[in-house]
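**Student:** Build me a structure from this.
(chains A and B)
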Amino acid sequence: MYDTPTLERTVDNSTVKFSARDVHVFYGETEAIKGVDVDILDKTVTAFIGPSGCGKSTFLRCLNRMNDTIDICRVTGKITLDGADIYDKRIDPVQLRAKVGMVFQKPNPFPKSIYDNVAYGPRIHGLARTKADLDVIVEKSLRRAALWTEAKDRLNEPGTGLSGGQQQRLCIARAVATGPEVLLMDEPCSALDPIATAQVEELIDELRQSYSVVIVTHSMQQAARVSQKTAFFHLGDLVEFGETGQIFTNPKDPRTESYITGRIG
Amino acid sequence: MTTAAFLCLFVLAVAGYLWNRQAASAIRANGTRLHSLEGFHGFYALLTVLVPALVLILLWQVLQGPVIDALLKGGISERLDGLGTGEVQLIVAEIKSISRGAVFGTPEQWKFDAAERYVTLNMRSDTLLLVVVLVLSLALVVFSRRKVAAEFRARHGVERIVSGLMIFCSVVAIFATVGIIASLMFETGKFFAKVPVTEFLFGTNWEPQIPLREDQVAAEGAFGWLPVMLGTLVITVIALLVAVPVGLMTAIYLNEFAPKKFRAVAKPFLEILAGVPTVVYGFFAILVVAPAMRNFAAAIGVDVSPNIALAAGSVMGIMLIPFISSFADDALSAVPQSLRDGALGLGATRAEMMLNVLFPAAIPGIVGGVLLAVSRAIGETMIVVMAAGLIAKMTINPLDSVTTVTVQIVTLLIGDTSFDNPKTLAAFALGMMLFIVTLVINVFALRIVRKYREAYD
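**Tutor:** I've put the predicted structure just below:
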């Protein structure tokens, strides 16, 4: 099934967005990431796959410095975004996170109205001068996240009252609203049913037009369906990184082959 | 003697346990399937023996005194004829003290005889108790032993007895509450028979004195609770103005911003603060805070009263800080990590995350905590007794001296009191009002906490 990709796989862009060199991550004494080199392209969906605990989420959280919020976590090596070192002292992680949006495993809408959820980012970053501007941003983001038709009549209802799939799309709209350049998605469909998953996957493909998307997933089918590039992590190492079609049909490393054929996991 | 009774009882109960267990084991060894495990047969015996016998001993201890007194009085009835209750009580007390060997003056011979009789009666009662307990427990041991059989449902029996005990325990609290309310209501009713309800509720004058003699002038009491309640409110508001901001800021800092080391030091200090007895806060208010405030006021040329409400209120506020901060800390910690990540992931600063996401989500818990703090402030007694004034004034000036409901209750009930004049009974009316106010606030607080609890999960 992996050799019948449902989506076009050509990578029509070769601008490097993120570039990581020799990245190590330590949780206290344990080394969670053991020297990862990877280039993430603009306007491309890059999938991180690998067994649980292999470090793919940890690496994802390095890209917007969410690991900074964990006291015992230490990152070494160099990660650049558009050529600028994001771990440089002059970089404010808060501004970085506005540029690099994140969607989490479990839908986590704030206990606020749908409108306020989406408007949260633009408000704290001062992206809208007037209420009308903000309305435009909210509508655009909700349309982007394919939630507008369902949500437009209930913008003032709490975001927590939506269904799971809708909540996750709301979180995507919320992330999109700050106008990021990269979207990081940490297993965005693991709490969703197949229909909602399909909607979110379709959305991811559309988001590729404007953003670089990095998605961590446990589902190899999902990686095959939505991504153009795939990185396989195993025990903190980046084992293989390449075109998704090549990874799934003709992996170079025996570990990759074992994983995608279900022998390790 | 009673100790001996207890000892016998416990020995017999344990013996019953072992006997039953052993009997059940024997049945099982024969190859028969028991309904209940051996242990349950044992516990069945233990409980069947202990519960009724303990109830008997307790009842005996309670009833022994009055019964012996009645017998004692019956024995000397010809001497007590025509005496008032007070004098009878005196004579009985004298006889009892003679029986303990404390003889004052030269009592008549019949009193010595009565004392001797009293001692004998007591001894007889104790011996009788021992015998009755022995017989009863033996009977119960035999009774439960005879129950042991393969199909006997000992587990159900044990469960029934234990659930009965649990019901009894939970009913104790209910009865205590009902009893307290009933006695409050009864005394309050007596008060309102002497002072009109309207005067109490709407009167703005509180001078709880009554004429000692018929012809005494200027001693007509006034019982309007409003100035007293106003004083309570003034002090409560001052306390909350101190406690709520400080407590919330403490909780926010400790929960989100404080380094681990600071938190490890600060938390125990807050717990110590929560454990300081209120009487110590009282010292603090009267010996440190109030003089400091007076000196400061004098230095800037403001005239303040000696029992300044601000001193009592702010010290009470300090008392409430750990209360509010621990509630708020719990509420903030209960907000799921995913919401924190969500806000940070959008590029919110920690302060923005706290203000816009965590705090609104934690509001129900915090409001509940604050309302519980309010009812504590209203009911707090010791600090205000020591540091607040005694004169009720219709004022909301925090630099003035005010009195509170609790202070008035204490002053009305200490010293010589007789329970048939409005001065003393007024304490119960005040207590009733205090009870109603704190009850309403507590119910309200619990409602808020419950209503919004699920909303943010």
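
**Student:** Just the CA coordinates for the helix or strand in which residue B:361 is found, please, in CSV.
**Tutor:** Counting by DSSP states H and E, the element that carries residue B:361 is helix B:359-379. Only the C-alpha atoms of helix B:359-379 are listed here, as CSV (Å, rounded to 0.1, in the frame of the first residue of the first chain):
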residue,chain,number,x,y,z
PHE,B,359,-5.7,32.3,35.5
PRO,B,360,-9.1,32.2,33.7
ALA,B,361,-9.1,28.5,33.8
ALA,B,362,-8.3,28.4,37.5
ILE,B,363,-10.8,31.1,38.5
PRO,B,364,-13.4,28.8,39.9
GLY,B,365,-11.0,27.2,42.3
ILE,B,366,-9.6,30.6,43.3
VAL,B,367,-13.0,32.1,43.9
GLY,B,368,-14.0,29.1,46.0
GLY,B,369,-10.9,29.6,48.0
VAL,B,370,-11.5,33.3,48.5
LEU,B,371,-15.1,32.7,49.6
LEU,B,372,-13.9,30.1,52.1
ALA,B,373,-11.4,32.6,53.3
VAL,B,374,-14.2,35.2,53.7
SER,B,375,-16.2,32.8,55.9
ARG,B,376,-13.1,32.2,58.0
ALA,B,377,-12.4,35.9,58.4
ILE,B,378,-16.0,36.4,59.5
GLY,B,379,-15.8,33.7,62.1
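
**Student:** Going along the chain from that helix, find the next helix or strand for me.
**Tutor:** helix B:382-387.

**Student:** got the CA coordinates for that next one in PDB?
**Tutor:** Provided in PDB are the C-alpha atoms of helix B:382-387 (Å, rounded to 0.1, in the frame of the first residue of the first chain):
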ATOM      1  CA  MET B 382      -9.000  35.300  68.800                       C
ATOM      2  CA  ILE B 383      -7.200  38.000  66.700                       C
ATOM      3  CA  VAL B 384     -10.100  40.400  67.000                       C
ATOM      4  CA  VAL B 385     -10.800  39.600  70.600                       C
ATOM      5  CA  MET B 386      -7.200  40.700  71.300                       C
ATOM      6  CA  ALA B 387      -6.800  43.500  68.800                       C
END
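
**Student:** and after it, which helix or strand comes next?
**Tutor:** helix B:405-413.

**Student:** Which strands and helices lie in contact with that following helix?
**Tutor:** Secondary structure elements in contact with helix B:405-413, counted by 3 or more CB pairs under 8 Å, 6 or more residues apart in numbering or on different chains; DSSP states H and E, are helix B:226-252, helix B:382-387, helix B:422-453. Using the backbone N, CA and C atoms, a C-beta is placed for each residue, glycine as well.

**Student:** Just name the most buried of these.
**Tutor:** helix B:382-387 (a mean of 25; mean count of other CB atoms under 10 Å in any protein chain shown).

**Student:** near chain A at all, the helix holding residue B:361?
**Tutor:** Yes. Interface with chain A: helix B:359-379 contributes B:360, B:361 (CB under 8 Å from any CB of the partner chain).

**Student:** before we move on, what about stretch B:431-449?
**Tutor:** No. Stretch B:431-449 stays clear of chain A (CB under 8 Å from any CB), getting no nearer than 15.4 Å.

**Student:** ok now that stretch, how far from the chain's centre?
**Tutor:** 16 Å (CA atoms, centre = their mean, to the nearest Å).

**Student:** Show residues contacting that stretch.
**Tutor:** Residues from elsewhere that reach stretch B:431-449 (CB atoms under 8 Å, 6 or more residues apart in numbering or on different chains): B:181, B:184-185, B:188, B:225, B:229, B:364-365, B:367-368, B:371-372, B:374-375, B:378-379, B:405-406, B:409.

**Student:** In PyMOL, select just the buried ones from those.
**Tutor:** Remark: buried members of the contacts of stretch B:431-449, expressed as a PyMOL selection using 16 or more other CB atoms under 10 Å in any protein chain shown:
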select buried, chain B and resi 184+188+225+229+364+365+367+368+371+372+374+375+378+379+405+406+409
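
**Student:** what's residue B:241 in contact with, if anything?
**Tutor:** B:313, B:317.

**Student:** Any figure for the gap between it and residue B:154?
**Tutor:** According to CB to CB, to the nearest Å, residue B:241 and residue B:154 sit 62 Å apart.

**Student:** helices or strands up against the helix-or-strand element of chain B with minimal mean pLDDT?
**Tutor:** The least trusted helix or strand in chain B, going by mean pLDDT, DSSP states H and E, turns out to be helix B:77-80, with a mean of 78. Packing contacts for helix B:77-80, counted by 3+ CB pairs under 8 Å, 6+ apart, involve helix B:85-99.

**Student:** buried ones in whichever helix or strand comes after the helix it packs on?
**Tutor:** Toward the C-terminus, helix B:85-99 is succeeded by helix B:109-147 as the next helix or strand (DSSP H and E). For helix B:109-147, the neighbour count (16+ other CB under 10 Å) marks B:111, B:114-115, B:117-118, B:121-122, B:125-126, B:129-130, B:133-134, B:136-137, B:140-141, B:144-145, B:147 as buried.
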